[in-house]
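Peer 1: sequence and predicted structure are below.
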Amino acid sequence: MSSDFIAIGHIQDIPRRGARCINTAFGRIAVFRTAEDEVFAMDDRCPHKGGPLSQGLVHGRAVTCPLHNFVISLESGAALGADEGEVQTYPVRLEDGRLFIALSALPLAAE
Ligand code: FES
């Protein structure tokens, strides 16, 4: 495990098809868990008008923003379909149920 990754809890802390947030000096990050127990992380800000993606509906590897229904890819952070925009994503690792996020990516995201 690279020292760039820090522990952020256990997968059981996140409801299936839901998300939990972690607060960082660079803003709030939403950590999503899919129905297949995959985990993804991205800024908790919709590229449309900043809606809280962590409160959206997870379906497949995407989340639908609760405000105006943009659909965001959890893998790339890109808005899908006819919508435009992109959210900063962060690598997450899952080891024996424990979650680690690459916070070393954050300073780049803050630029
Ligand atoms: S703020 Fe997310 S769709 Fe408008």
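Peer 2: Sure thing, it's come through. The structure presented is a predicted model; accordingly, all values stated were derived computationally and were not measured. Numbers count the residues shown, from 1 in each chain.
Peer 1: what sits opposite residue 43 in the beta ladder?
Peer 2: Taking DSSP bridges as the rule, residue 43 bridges to residue 29.
Peer 1: residues contacting it?
Peer 2: Shown here is residue 43, whose contacts under the criterion CB atoms under 8 Å, 6 or more residues apart in numbering are 27-30, 53, 87-88, 109. Every residue, glycine included, has its C-beta placed from N, CA and C.
Peer 1: now do the SS call for the residue most central in space within the chain.
Peer 2: Within the chain, one residue has its C-alpha closest to the average C-alpha position: by CA atoms, centre = their mean, that is residue 41, at 2.6 Å. Assigned by DSSP: H, G, I helix; E, B strand; the rest coil, the conformation of residue 41 is strand.
Peer 1: residues from this structure in reach of the ligand?
Peer 2: Residues of the chain found near the ligand, taking CB under 6 Å from any ligand atom as the criterion, are 46, 48-51, 65, 67-70.
Peer 1: would you list every one of the helices in the protein?
Peer 2: For the chain, the helices defined by DSSP state H occupy 106-110.
Peer 1: show the pLDDT at the residue located most distally from the centre of the chain.
Peer 2: Relative to the average C-alpha location in the chain, and by CA atoms, centre = their mean, no residue lies farther out than residue 82, which sits at 21.2 Å. According to the model's per-residue confidence, residue 82 sits at a pLDDT of 92.
Peer 1: still on that earlier bit, okay if I get the contacts of residue 43 as CSV plus neighbour count?
Peer 2: Written out in CSV, the entries for the contacts of residue 43 read as follows (neighbours: other CB atoms under 10 Å):
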residue, neighbour count
27, 13
28, 14
29, 26
30, 24
53, 28
87, 22
88, 18
109, 16
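Peer 1: of all the residues you listed, which two lie farthest apart?
Peer 2: The distance between the two most remote of the contacts of residue 43 (CB to CB) is 14.9 Å, for 53 and 109.
Peer 1: so how far is the ligand from residue 12?
Peer 2: Separation of residue 12 from the ligand (CB to the nearest ligand atom, to the nearest Å) stands at 28 Å.
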